[in-house]
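Undergrad: A predicted structure for the sequence below; I have some questions about it.
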Amino acid sequence: MSDLKSAERILIFNVNWLGDVLFSTATIRNVRRNYPDSYIACVIPSRCYPILKGNSYLDEVIIFDEQDRHRGMLEKLNFINLLRSKKFDTVFLLHRSFSRALICRLAGIRQRIGYDTKKRSFLLTKKIVMPKADSLHRIDFYLNVIEKAGLRLEDRYLDFIFTPEEDKYAGDFLNKNGVGKDDFLVLLNPGGNWMLKRWPKDYWAVLADKLIGEIKAKVVITGSISDLPLASQIKAAMKEKPLVGCGVFNIKQLAALAKRSDLFITADTGPMHIANAVGAKKIIAIFGPTDKEITGPYPDTNVVILQKDVGCVIPCYKVNCRDNRCMKAIIPDDVLMEVRKIRKS
């Protein structure tokens, strides 16, 4: 720990997915708590940049797009030279890949700390034993790297920052579309990168119709521009007319909208964790193939998790599953029952 104590320039080589980068914010904050006066930078892919934009515990965010701008050998060498020029003393490798450990070795970073995986042991100066598969929540999986390296852990919550301007944007959208302060605002998040975690689109349509017709809620379907076709299909299958916000909000503005909402209904996705991180009043999370003990929202004090036992081993990684029965087992009335409880509370 003596070398770590004197570290003045620290790099955190992060992971690749929105939800996981959000989980890593607890690690970033705890690294800063241990090194209040050090220069701390973090490497992430560009698609995850909004998660860390405005994070006060970092001095710099460095972009590394292995499958895009840094795909070629020359581009990788240029990236290595960039890291070398920044003269980092220590790197915490949250990513488990061989290539990232090699990059840090070639960049001349003296202290290289990470999980002992993928035949990269000789590249690490501090080898952290991998925990048993699926034994830790993702927050703890990343915190474990720095704790086993000898750092002090003070807390384990998530950080996500949005600006007053982004909050105003969300407010203006609601005002423009006739959503008032007294309305029961429900956001529906039907998308997700992994198709098997998605709830059936016809279920979303049935639920949204009942939310508007029976609960008298104002419903906004959220998502990125790539989710617009899905949202359009859901809207086309409905009798009522929800608002569609896909492509209208960036991820920071969506966070501001989620904080303003009364209820956020979603599957196990990055936006679920963002909504939770900013303090959405209530969240209903629909879980199927994933395990809430590993990727569930934390803290879960304002979250209702719906998941049914359909005889499958959870977590399930069968990407070629044909029936997706774990998600189909949760029907719209299951969700509506929880909504009614929330309305009465």
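TA: Cool, got the structure. Numbers count the residues shown, from 1 in each chain.
Undergrad: how about the contacts made by the nearest residue to E338 once chain neighbours are set aside?
TA: Leaving aside its chain neighbours, E338 sits nearest to V304 (5.0 Å; criterion: Cβ to Cβ, 6 or more residues apart in numbering). The C-beta positions use only the backbone N, C-alpha and C, and glycine is treated the same way. Going by Cβ atoms under 8 Å, 6 or more residues apart in numbering, V304 touches 282-285, 338, 342.
Undergrad: now swap in G223 and tell me
TA: Counted by Cβ under 8 Å, 6+ apart, G223 has contacts 189-191, 230-231, 245-247, 271.
Undergrad: who wins for neighbours among the residues you listed?
TA: For the contacts of G223, the largest neighbour count, defined by other Cβ atoms under 10 Å, is 29 neighbours, found at N189.
Undergrad: for R340, see how far away it is.
TA: Distance from N189 to R340, counting by Cβ to Cβ, to the nearest Å: 20 Å.
Undergrad: quick check, T90 in contact with I109.
TA: Yes: if you go by Cβ atoms under 8 Å, T90 and I109 touch, sitting 6.9 Å apart.
Undergrad: neighbouring strands for the host helix or strand of L188, and are they parallel or not?
TA: Using DSSP states H and E, L188 falls within strand 185-189. Using DSSP bridges, the strands paired with strand 185-189 in its sheet are strand 218-221 (parallel), strand 263-267 (parallel).
Undergrad: deepest in the core, which of these is it.
TA: strand 263-267 (a mean of 26; mean count of other Cβ atoms under 10 Å).
Undergrad: C-terminal to it, what's the next element?
TA: Sequence order places helix 270-277 as the next helix or strand after strand 263-267, per DSSP H and E.
Undergrad: could you export that following helix as PDB, CA atoms only?
TA: Listed next in PDB are the C-alpha coordinates belonging to helix 270-277 (Å, rounded to 0.1, in the frame of the first residue of the first chain):
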ATOM      1  CA  GLY A 270     -29.400   1.600 -17.800                       C
ATOM      2  CA  PRO A 271     -32.200   4.100 -17.700                       C
ATOM      3  CA  MET A 272     -33.700   2.200 -14.700                       C
ATOM      4  CA  HIS A 273     -30.500   2.800 -12.800                       C
ATOM      5  CA  ILE A 274     -30.300   6.400 -13.900                       C
ATOM      6  CA  ALA A 275     -33.900   7.000 -12.700                       C
ATOM      7  CA  ASN A 276     -33.000   5.500  -9.400                       C
ATOM      8  CA  ALA A 277     -29.800   7.400  -9.000                       C
END
